[in-house]
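> pasting the structure only:
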């Protein structure tokens, strides 16, 4: 069927596209954008979206950037992680050391300029900001001079050798001095309220704590072969402490609700410029401190195998990237199958009622009476050897029961409403009522439940693989944990073989769960009223 031209408007008319459908598309697009905005404004939704964006990029681009092809599990000899193949280039070490002071210089300069404006809401301490600017500039100058000395005189005779050997322990606390001083500058104004004063002092303590943690490298002699882990932990904990410090200051200096609600002379709410500046500075400094720790760890453990090799001599980091794609594919497609099947059964059962509803719900009760994991184990044991498609179908066809019961309850409520009775009165068919009224009103609940089901599906695949019922020929996070457990990874020194896939599963499940709860808050009218 070809497109026709309207003689009056001289526009091409496309079949099946009329003004009503265009208006529906417009309203649907508007609602999707509205829900997306509400998810990003929701704290749980924003965190969940951030987590899933990272892992979605790993799933899409992970195999392409993986250093080694580990799509096949393969077989090999037992082996410990390979020794360092090459040392980190000096430029990488310079960048990882100088990154935090450079960012602190910019942050302290911006905060210093804001301090001269003397905002009545929150007066910043200029002395501490100048001290942060001087300390960060001095450290950056020393590192730059040392690096230029390395370039012109070499590693053995230049100033670089002094900095990286005799003074290396001083670099770690010195790198966070500027960031700690910048954070302290936000909390020097006294508070009258006791509760606000406690929050202020708690923020000051958290702002000073990273400097104390990194100073441990001056007094504690960590073993050289395990020095990377304390260094990574120190920077990561320090970054989170700075974030907590900024949140405490934000709470201590927040304007009262009555003052915020009262408009100023121009009729606009008072702009919390200093509070926004403090929040942005806190987030940037905390992220850079954590990134510095990760960069320093990679520099200190520069190797062709970032996380070592497993007992099959396969690169763990590459398997982690390949497993990201497979695990997310299993979770998403299994959840879609379970949600579609549960939605169809729930719609038909709730709308039909009577004996049909009774029969379907009693069958659903039988399925629900058997634990989901036990049911999957029985089915996998009966099937025997399974592949990736098999594990998707097993998880999908055993996980429909909760969705069916939830949709049935929603349909029982919808079909008693007045617009359903009016549709019946004008002669609408049952299929038309379901398609036009019941399904659209049930879809938000099904969609939110599908997001939560993805988390359960990923956990189910990981549990089945850990118990030995894993898909053949593919790498998933669950299969990595299964092989690591069988090989006794911790006992032979292969820590990342268990830690890396375990953390990935935790964060992905957390991301889907947070988005599911955020969608439930947004799309559920009862929760939205609260």
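In hand now; what should we look at? Model, not experiment: these values are computed from the prediction. Residues are numbered from 1 along each chain as shown.
> going forward, measure contacts and count neighbours with C-alpha atoms only.
OK.
> pLDDT weak spots in the protein?
Filtered on pLDDT under 70, the chain yields the residue ranges 1-21, 67, 70-91, 117-123, 151-169, 192, 222-227, 255-276, 301-304, 523-530.
> ok, which stretches of it are strands?
4-5, 12-13 (DSSP state E).
> Look at residue 516 and say how many residues are nearby.
25 (other Cα atoms under 10 Å).
> ugh, typo on my part, it should be residue 36
16.
> And it, how far from residue 68?
37 Å (Cα to Cα, to the nearest Å).
> Domains in this structure, by residue range?
Residue ranges for the domains of the chain, per automatic domain parsing: 90-300, 316-529.
> So for residue 22, which of those sits nearest?
domain 316-529 (16.5 Å; Cα to Cα).
> so can I have JSON lines of the domains of the chain showing distance to residue 46?
Listed next are the domains of the chain as JSON lines, based on distance: least, Cα to Cα, whole Å:
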{"stretch": "domain 90-300", "distance to residue 46": "15"}
{"stretch": "domain 316-529", "distance to residue 46": "8"}
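> To residue 58, which of those domains lies closest?
Among those, domain 316-529 sits nearest to residue 58 (Cα to Cα), with 6.4 Å.
> Am I right that residue 228 is in contact with residue 299?
No: counting by Cα atoms under 8 Å, residue 228 stays clear of residue 299, with 9.2 Å between them.
> any common contacting residues for these two?
Here residue 228 and residue 299 have no joint contacts, going by Cα atoms under 8 Å, 6 or more residues apart in numbering.
> what number of residues lie near the closest residue in space to residue 60 that isn't next to it in sequence?
Once flanking residues are discounted, residue 60 sits nearest to residue 325: 6.7 Å by Cα to Cα, 6 or more residues apart in numbering. The tally of other residues near residue 325 (other Cα under 10 Å) stands at 22.
> Quick one: residues contacting residue 325.
Residues in contact with residue 325 (Cα under 8 Å, 6+ apart) are 58-60, 62.
> Which among these count as buried?
58-59, 62 (16 or more other Cα atoms under 10 Å).
> rewinding a little: tell me which of the domains of the chain lies nearest to residue 42.
In this view, those are compared for proximity to residue 42 by Cα to Cα, and domain 316-529 is the closest at 6.6 Å.
> ok, the nearest residue to residue 461 once chain neighbours are set aside to residue 457 distance?
Distance criterion Cα to Cα, 6+ apart; nearest residue to residue 461, sequence neighbours excluded, is residue 478 at 6.5 Å. Going from residue 478 to residue 457 by Cα to Cα gives 12 Å.
> neighbour count winner among these two?
In this view residue 478 and residue 457 are compared by other Cα under 10 Å, and residue 478 has more residues nearby, 29 against 25.
> residues contacting that one?
Contacts of residue 478 by Cα under 8 Å, 6+ apart are 461-466, 470, 501.
> And the residue nearest to residue 62 when sequence neighbours are not counted, how far from residue 469?
Setting aside the residues directly before and after it, residue 62 is nearest to residue 321 in space (Cα to Cα, 6+ apart), at 4.8 Å. Look at residue 321 and residue 469: by Cα to Cα, they are 21 Å apart.
> Report the separation between the residue nearest to residue 461 and residue 50.
23 Å.
> mind checking how far residue 221 is from residue 178?
From residue 221 over to residue 178 the distance is 25 Å, taken as Cα to Cα.
> Looking at the two, which has the bigger crowd around it?
Neighbour count, other Cα under 10 Å: between residue 221 and residue 178, residue 178 has more, with 32 against 10.
> got a list of what that one touches?
Residue 178 touches 101, 104-105, 131-133, 135-136, counting by Cα under 8 Å, 6+ apart.
> Surely residue 519 is in contact with residue 39?
Yes: with contact defined as Cα under 8 Å, residue 519 and residue 39 form a contacting pair (6.9 Å).
> which neighbours do these two share?
What both residue 519 and residue 39 touch, as defined by Cα under 8 Å, 6+ apart, is the set residue 45.
> Look up how far residue 340 lies from residue 200.
For residue 200 relative to residue 340 (Cα to Cα), the value is 51 Å.
> Show me which of residue 321 and residue 469 is the more surrounded one.
residue 321 (27 against 22).
> Against residue 132, how distant is that one?
40 Å.
> Skipping adjacent residues, who's closest to residue 50 in space?
Using Cα to Cα, 6+ apart, the closest residue to residue 50 is residue 511 (7.9 Å).
> List the contacts of the one you found.
Contacts of residue 511 by Cα under 8 Å, 6+ apart are 47-52.
> Looking at those, which are in helices?
Using DSSP state H, 47-52 are the members of the contacts of residue 511 that sit in helices.
> can you pick the most crowded of these?
Within the ones in helices among the contacts of residue 511, neighbour counts (other Cα under 10 Å) peak at residue 48, which reaches 25 neighbours.
> Does that one touch residue 507 like I think?
No: using Cα under 8 Å as the test, residue 48 is too far from residue 507 to be in contact (9.1 Å).
> Please report the distance of residue 254 from residue 187.
Look at residue 254 and residue 187: by Cα to Cα, they are 12 Å apart.
> More neighbours: those two, which one.
residue 187 (28 against 15).
> close enough to count as contact, that one and residue 206?
No: taking contacts as Cα under 8 Å, residue 187 lies outside contact range of residue 206: 11.1 Å.
> Chain neighbours aside, what residue packs nearest to residue 235?
Sequence neighbours aside, residue 293 is the residue nearest to residue 235 in space, at 4.8 Å (criterion: Cα to Cα, 6+ apart).
> Contact partners for the one you found?
Per Cα under 8 Å, 6+ apart, neighbours of residue 293: 231-236.
> Out of the residues you listed, flag the one nearest to residue 418.
When those are ranked by distance to residue 418 (Cα to Cα), residue 236 comes first, at 57.2 Å.
> Find the nearest non-adjacent residue to that closest one, please.
residue 290 (4.7 Å).
> List the contacts of the one you found.
Counting by Cα under 8 Å, 6+ apart, residue 290 has contacts 235-239.
> likewise residue 419?
If you count contacts by Cα under 8 Å, 6+ apart, residue 419 has none.
> Same question for the one 5 residues further on.
Applying Cα under 8 Å, 6+ apart, we find residue 424 in contact with residue 433.
> go again using 10 Å as the cut-off
418, 430, 432-433 (Cα atoms under 10 Å, 6 or more residues apart in numbering).
> Counting neighbours, what do you get for residue 350?
25.
> quick one: residue 238 and residue 214 touch, right?
Yes: at 8.2 Å, residue 238 and residue 214 qualify as touching, with contact defined as Cα atoms under 10 Å.
> For the protein, which helix extends over the most residues?
Ranked by residue count, the top helix of the chain under DSSP H comes out as helix 316-352.
> tell me, what's touching residue 48 and residue 507 both at once?
By Cα under 10 Å, 6+ apart, the residues touching both residue 48 and residue 507 are residue 513.
> Not counting its neighbours along the chain, what's nearest residue 340?
Nearest to residue 340 is residue 400, by Cα to Cα, 6+ apart, at 8.0 Å.
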